[in-house]
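J.: give me a 3D structure for the following:
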Amino acid sequence: MSRVATVVFVTGLVWQAAAADVELDRRALEEALAIGQSRIEGVRTRFHEPYRVTVGAPPVDYLDVVTPFRAVVLAAQARARAGDRQFGLRQARETYAQTSDETVVYIELTFHPQNTFIGIPDYGITLEGGSATFEPVSIGRIPRFGPRVGGYPFPSTSLDGAVVLPGGSQPLTGGTLVYRLPVARMDPQGRYDLVVLDRARQLARVSLDLGRLR
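T.: Okay, the predicted model is just below:
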């Protein structure tokens, strides 16, 4: 039986921010651009660290939280790495317009090498805060048929809701659950428990403190 991991997410940010931003103004967008386009690797590393939570309860490895603010940082970072230094305020606003209504949690999985899965199991995910349980906008399942590729940005989420079958005889080694949550219903200062379930069995419980994020 897999052990259940309970992780408390309390690390603060280097950047001055009190809570996950619900609405980003020009100043916030400029700050996101500055982080994503920084030529100092340590600046980006320190920014991203609080958003990634190591879980270590098989098959759940870790999770990454992407708020609307961080989505702009990641977009700017990806373009800068591609050599595009023209990604500016207009593009930041366009990215924010596409991501402003949701926070996305990426849950990384690694399966036992001798697994017999043909697709990612139908794991359930809930977010609990106080007496409320939040339903996701969607849950995507992106399979992995080889070693994990680290770093950012994250896998494409165009497969939301789909279960993808492997091609040929490639073994399923893991995957990513993409859990989309409505920003408008969440308290930017709130603390929530994200729970990953295999039917009624709890695989992992992670405490998320949004007041520590942007």
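J.: name the nearest residue to residue 142, sequence neighbours excluded.
T.: residue 176 (4.5 Å; CB to CB, 6 or more residues apart in numbering). Any C-beta I mention is one placed from the backbone N, CA and C, and that applies to glycine too.
J.: an error on my part: the question was meant for residue 126.
T.: Nearest residue to residue 126 in three dimensions, chain neighbours excluded: residue 195, at 4.9 Å (CB to CB, 6+ apart).
J.: report how many residues lie close to that neighbour.
T.: Neighbourhood size, residue 195 [other CB atoms under 10 Å]: 18.
J.: wait, it sits on residue 204?
T.: Yes. If you go by CB atoms under 8 Å, residue 195 and residue 204 touch, sitting 7.3 Å apart.
J.: would residue 93 count as being in a helix?
T.: Yes. Residue 93 forms part of a helix when assessed by DSSP: H, G, I helix; E, B strand; the rest coil.
J.: check contacts around it.
T.: By CB atoms under 8 Å, 6 or more residues apart in numbering, the residues touching residue 93 are residue 29.
J.: check residue 116 too.
T.: Residues near residue 116 by CB under 8 Å, 6+ apart: none.
J.: assign a three-state SS to it, would you?
T.: Under three-state DSSP, the three-state class of residue 116 is coil.
J.: what is the burial count for the closest residue to residue 129 other than its chain neighbours?
T.: Among residues not flanking residue 129 along the chain, residue 192 sits closest, at 4.3 Å (CB to CB, 6+ apart). As a burial measure, residue 192 scores 22 neighbours (other CB under 10 Å).
J.: now the helix or strand containing residue 192: average pLDDT?
T.: Element membership of residue 192 [criterion: DSSP states H and E] is strand 191-198. Mean pLDDT, strand 191-198: 93.
J.: that strand pairs with which strands, and in what direction?
T.: When pairing is defined by DSSP bridges, strand 191-198 lines up against strand 124-129 (antiparallel), strand 201-209 (antiparallel).
J.: quick revisit: who does the residue nearest to residue 126 bridge with?
T.: Beta-bridge partners for residue 195, by DSSP bridges, are residue 126, residue 205.
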